[in-house]
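1. Quick one, fold the following:
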Amino acid sequence: MVDWFILVGYLAVAMTAWCLDGIAHSTAAQARLERFVAMDRRNAVVEPAAAERLGPLELGLLADTSRARAKQGAVAGLVASGALHRAPSDGLPGPQRWVAHHPLPEHANDLEGEIWRAAAPRSSAYAYGPTGHYLWDLPSGGRCLSAVERQLVREGYLRRSSLPVPDEQRGRGWWSTAAAAAAVPVVVLLIFDHAWIRAVSALLVGAVTVAVASNPGGMHRERTLPILTAQGEMVLQQARERFADLNPAIRPALTAYDPRTVAMAVALFGSQAVRHVDERILDDWYAPVTYVDGPGD
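-> So this is what the prediction gives:
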């Protein structure tokens, strides 16, 4: 029975050491990331008119790297221009379809053109089924937004995703090192007591502890650099100040946007600007979640 207490006690010590080293490694990695971001912000410089060179697609990607805002801006711009309409209700509750009717506006960007063509009514030869498309089924502009992202990376406004923190050195886990060293007397004691299985188990725990000591961050997600650079933050702030009149928070509710400025308003100020154009866009944006009961439920 004493042998079991020794083994369980050593396992508890080893696991505590793993946790302490993991916390220490995570704290140090976060500190390195914060230092890098602070230095990046101190050294960042942008031209006074840099924001004016970027369009709504570029600024939308800077404000929301998931690309959702760029698509929302394109849809809202088409709705404000009258080129995209909500189709007549199909009589079912929930999100409704949208359809393109009027010509594509001359000021439309590449993503707006892609969405407009996808939402256009089917030709008479294939006119069957419901009219229009759900918003989540309309294209998200993968190809054109990828090109915009590459341009922003070249100009220093974005980084490639999953870049590690520079100068990150792999430190040794000292708590795990001490716990690994403690495995030697534990194993010797168990061998002298002829507790062979417990001795082998303690040896395995010690081996794992040595591995953890060599790489204390292996059990934790490594820190990566933010996709938006300090230059990107500065040019985004510059654009919000330059186009402050598009901010729906200070815009009278009954004052409509110029259709040519809608995509920019959404890029800079998000869903509030979308609601200023047409609240039904956000009502119909996401596919409803369907729950299906399994057998026997």
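2. where does the residue lying closest to residue 97 once chain neighbours are set aside fall, phi/psi-wise?
-> Sequence neighbours aside, residue 132 is the residue nearest to residue 97 in space, at 3.2 Å (criterion: C-beta to C-beta, 6 or more residues apart in numbering). Placement of C-beta: from N, CA and C, glycine included. In terms of degrees, to the nearest 10, the main-chain angles of residue 132 are phi 90, psi -180.
3. same question, residue 224
-> Dihedral angles (degrees, to the nearest 10) for residue 224: phi -130, psi 160.
4. Could you pull up the residues touching it?
-> 161-165 (C-beta atoms under 8 Å, 6 or more residues apart in numbering).
5. Who wins on neighbours among those?
-> In terms of neighbours by other C-beta atoms under 10 Å, these top out with residue 165 at 17 neighbours.
6. Could you double-check that that residue sits in contact with residue 226?
-> No - applying C-beta atoms under 8 Å, one finds residue 165 not in contact with residue 226, separated by 10.4 Å.
7. Nearest the middle, which residue of the chain would you pick?
-> Centroid check for the chain by C-alpha atoms, centre = their mean gives residue 66 as the closest residue, at 5.6 Å.
8. returning to that earlier point: closest to residue 272 out of the contacts of residue 224?
-> residue 161 (27.3 Å; C-beta to C-beta).
9. per-residue pLDDT, that closest one?
-> Note for residue 161: predicted pLDDT of 84.
10. what's the answer for residue 281, then?
-> 93.
11. Could you tell me how many residues sit around it?
-> For residue 281, using other C-beta under 10 Å, the count is 21.
12. if I look at it, how far off is residue 110?
-> 20 Å (C-beta to C-beta, to the nearest Å).
13. try residue 137
-> 19 Å.
14. Who are the contact partners of the closest residue to residue 267 other than its chain neighbours?
-> Distances taken as C-beta to C-beta, 6+ apart place residue 60 nearest to residue 267, at 3.6 Å, with adjacent residues excluded. Neighbour list for residue 60: 67, 69-70, 73, 263, 266-267 [criterion: C-beta under 8 Å, 6+ apart].
15. One more pass at 6 Å, please.
-> 69-70, 73, 267 (C-beta atoms under 6 Å, 6 or more residues apart in numbering).
16. and if you look at residue 236?
-> residue 62.
17. before we move on, what about the one 3 residues further on?
-> Listed by C-beta under 6 Å, 6+ apart, the contact set of residue 239 reads 51, 59, 268.
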